[in-house]
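In: Need coordinates for the following:
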Amino acid sequence: MIWQSSTTMTNQTRLTSASIEVPGALEAIELYFENGWTDGLPIVPPTPETVTAMLKAANLSPDAILGIEPVKGAVITAEKTAINAVMAGCKSEYMPVVAAAIEAITQPEFNLHGITVSTMGAAIMLIVNGPIAKTLEINSGVSAFGPGYRANATIGRSIRLIVMNVLGTHSNDGFDKTTLGHPGKYTWCVAENEDRLPWEPMHVTRGLNQSESAVTVFSGLSGAQFGDHASNTPEGILDSFAERIYPLGLGIHEVVLVICPEHAAHFKNAGWNKKQIGEYLFDTVRKPASEWVSNGLPPSGHDSDDGRVSSLQSPESVIPVVVGGDGGAWSAVIPTWSLGSRSKAVTRRIIANG
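Out: As a prediction, this is how the structure comes out:
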């Protein structure tokens with residue numbers, strides 16, 4: 001999948017992908033459209049030089065295996081990853097993040113195959129932590145889930161292109177079974193707003209050191225954004241989260257709580273930690289078993305003496321992450337594919353070259 005003109009030969013790292021010679025970049029872009037190698041948007045034509053630069057930035061040989069999809073056994077090499085990263089518009093310094101994300105999504109517990117063939121419509125969401133987030137200018141603040149930042153847009157897009165082109169999951173030829181889909185399937189990458197955290201960063205909670213950089217991947221469904229401009233206590237804010245968790249039903253193993261900085265400040269003022277958030281929500285999102293039955297969701301048992309059943313599997317089912325800018329009390333709930341019962345969040349350390 002490398003575009004090559006008569007003047008772009010290289011004696012650098014040996015690449016093994018097929019090389020197609022075309023007159024220029026516009027012809028290459030159209031060729032990629034015709035072959036279904038894009039996500040519907042124009043790509044940056046990869047050349048031997050740009051692919052080699054991408055590999056060098058992560059100190060990777062072309063044949064290095066970054067991941068193997070557990071069900072199909074499809075191998076994702078560094079070369080194929082670099083090609084798609086160039087196509088997505090990534091700078092070469094983004095490659096270590098992309099490589100770590102590939103390692104994460106190919107872990108068995110993430111269940112990439114289930115996500116990509118399901119009608120439920122999950123997208124791969126990346127959350128980056130640590131020093132590399134600021135180095136690469138990955139947006140964690142105002143409109144973090146929106147447009148405007150190259151790192152966010154292209155790192156997330158590269159993962160989608162790799163899933164399409166290397167694993168063979170194309171929506172236009174029937175492999176992607178999503179009924180509706182959502183915009184996160186184009187690209188979905190943010191950093192946690194570590195400057196506004198009232199507790200330790202997510203990668204520290206998940207077992208890494210604060211000085212390390214990491215990416216955590218989620219099988220995210222469409223998020224539910226809400227405004228709570230009145231509450232100024234953790235309990236009041238979490239009650240608003242609970243109202244959005246109830247409709248998800250029973251057996252929630254993992255759900256992402258996107259907490260905006262304005263709400264996070266109230267948790268900081270009250271001295272709350274992540275454990276308290278989980279415990280409060282686990283207790284709050286309980287209903288009598290009879291109510292679940294009347295809604296067509298018969299519980300298998302109850303988790304309290306009074307017969308009430310929680311939507312959450314445990315207090316650890318909630319994953320708080322602080323994202324967004326100041327000036328608005330808007331937070332969100334992002335459910336995960338199968339409510340986390342068959343797809344778990346995975347965190348991997350980012351190894352930056354040098």
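In: Just give the number of residues close to the closest residue to G184 other than its chain neighbours.
Out: For G184, ignoring the flanking residues on the chain, the nearest one in space by Cβ to Cβ, 6 or more residues apart in numbering is A123 at 3.4 Å. For the C-beta atoms, the positions are set from N, CA and C on the backbone; glycine is no exception. Look at A123: counted by other Cβ atoms under 10 Å, it has 24 neighbours.
In: Verify the stated contact: A123 with L180.
Out: No - here A123 lies out of contact with L180, judged by Cβ atoms under 8 Å, at a distance of 11.4 Å.
In: Touching both of those two, which residues are there?
Out: Residues touching both A123 and L180 by Cβ atoms under 8 Å, 6 or more residues apart in numbering: none at all.
In: Pull the residues that contact stretch 284-300.
Out: Stretch 284-300 has contacts (Cβ under 8 Å, 6+ apart) with 238-239, 242, 245-246, 249-250, 302-304, 306-312.
In: at 10 Å what do you get?
Out: 235, 238-239, 241-252, 255, 301-304, 306-312, 317-318 (Cβ atoms under 10 Å, 6 or more residues apart in numbering).
In: Which helix or which strand is home to E30?
Out: Assigned by DSSP states H and E, E30 belongs to helix 25-34.
In: Could I get the buried residue list for that helix?
Out: Judged by neighbour count (16 or more other Cβ atoms under 10 Å), helix 25-34 contains these buried residues: A28, I29, Y32.
In: How about stretch 116-135?
Out: In stretch 116-135, the ones that count as buried by 16+ other Cβ under 10 Å are 116, 118, 120-130, 132-133.
In: in which helix or strand would I find the most centrally placed residue in the chain?
Out: The centroid of the chain falls nearest to M125 when counting by Cα atoms, centre = their mean (1.5 Å). Under the criterion of DSSP H and E, M125 resides in strand 123-129.
In: which helices and strands sit right next to that strand?
Out: helix 95-105, helix 112-117, helix 150-165, strand 189-191, helix 202-205, strand 214-220, strand 255-259, strand 318-322 (3 or more Cβ pairs under 10 Å, 6 or more residues apart in numbering; DSSP states H and E).
In: Make a markdown table out of the ones you listed and add distance to K72.
Out: Putting the helices and strands packed on strand 123-129 into a markdown table (distance: least, Cβ to Cβ, whole Å) gives the following:
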| stretch | distance to K72 |
| --- | --- |
| helix 95-105 | 13 |
| helix 112-117 | 6 |
| helix 150-165 | 12 |
| strand 189-191 | 24 |
| helix 202-205 | 29 |
| strand 214-220 | 17 |
| strand 255-259 | 27 |
| strand 318-322 | 28 |
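In: who wins for proximity to R349 among these?
Out: strand 214-220 (5.3 Å; Cβ to Cβ).
In: Next SSE downstream of that closest one?
Out: strand 224-227.
In: buried sites along that next one?
Out: A224.
In: Contacts for it, please.
Out: Contacts with strand 224-227, where a contact means Cβ under 10 Å, 6+ apart, come from 145, 240-241, 243-245, 247-248, 258, 260, 328-335.
In: Point out the ones among the residues you listed that are inside strands.
Out: Among the contacts of strand 224-227, the residues falling in strands (DSSP state E) are V258, W330, S331, A332, V333, I334, P335.
In: thought the second one was touching I237?
Out: Right, W330. No - using Cβ atoms under 10 Å, W330 is not in contact with I237, being 11.6 Å away.
In: more crowded one of these two?
Out: I237 (26 against 16).
In: what's the burial count for S231?
Out: Neighbour count for S231, taken as other Cβ under 10 Å: 15.
In: So G40 sits against Y186, correct?
Out: Yes - using Cβ under 10 Å, G40 is in contact with Y186, at 8.0 Å.
In: Pick out whichever of the two has more residues nearby.
Out: Y186 (16 against 9).
In: ok, the nearest residue to V346 once chain neighbours are set aside - contacts?
Out: Using Cβ to Cβ, 6+ apart and skipping the chain neighbours, the partner closest in space to V346 is A104 (4.3 Å). Listed by Cβ under 10 Å, 6+ apart, the contact set of A104 reads 67, 110, 112, 124, 126, 159, 214-218, 345-349.
In: returning to what we had before: could you tell me which residues touch both of W330 and I237?
Out: Common neighbours of W330 and I237 (Cβ under 10 Å, 6+ apart) are D228, C260, E262, H263.
In: ok so the third one is a helix residue?
Out: Yes - secondary structure of E262, determined by DSSP: H, G, I helix; E, B strand; the rest coil: located in a helix.
In: for stretch 312-330, what is the average pLDDT?
Out: If you average the pLDDT over stretch 312-330, you get 96.
In: Ok, stretch 77-97 next?
Out: What stretch 77-97 shows for mean pLDDT is 98.
In: how about the CA coordinates for that stretch, as CSV?
Out: Output of stretch 77-97 as CSV, limited to C-alpha atoms (Å, rounded to 0.1, in the frame of the first residue of the first chain):
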residue,chain,number,x,y,z
THR,A,77,3.4,-5.7,11.8
ALA,A,78,5.1,-2.4,12.5
GLU,A,79,5.3,-1.8,8.7
LYS,A,80,1.6,-2.2,8.2
THR,A,81,1.0,0.0,11.2
ALA,A,82,3.3,2.7,10.0
ILE,A,83,1.7,2.7,6.5
ASN,A,84,-1.7,3.3,8.0
ALA,A,85,-0.4,5.9,10.4
VAL,A,86,1.0,7.9,7.5
MET,A,87,-2.3,7.5,5.7
ALA,A,88,-4.2,8.8,8.7
GLY,A,89,-2.0,11.9,8.8
CYS,A,90,0.1,11.1,11.8
LYS,A,91,3.4,12.8,12.5
SER,A,92,6.2,10.3,13.0
GLU,A,93,6.5,11.1,16.7
TYR,A,94,3.0,9.7,17.1
MET,A,95,4.1,6.2,16.2
PRO,A,96,4.9,5.0,19.8
VAL,A,97,1.3,5.8,20.8
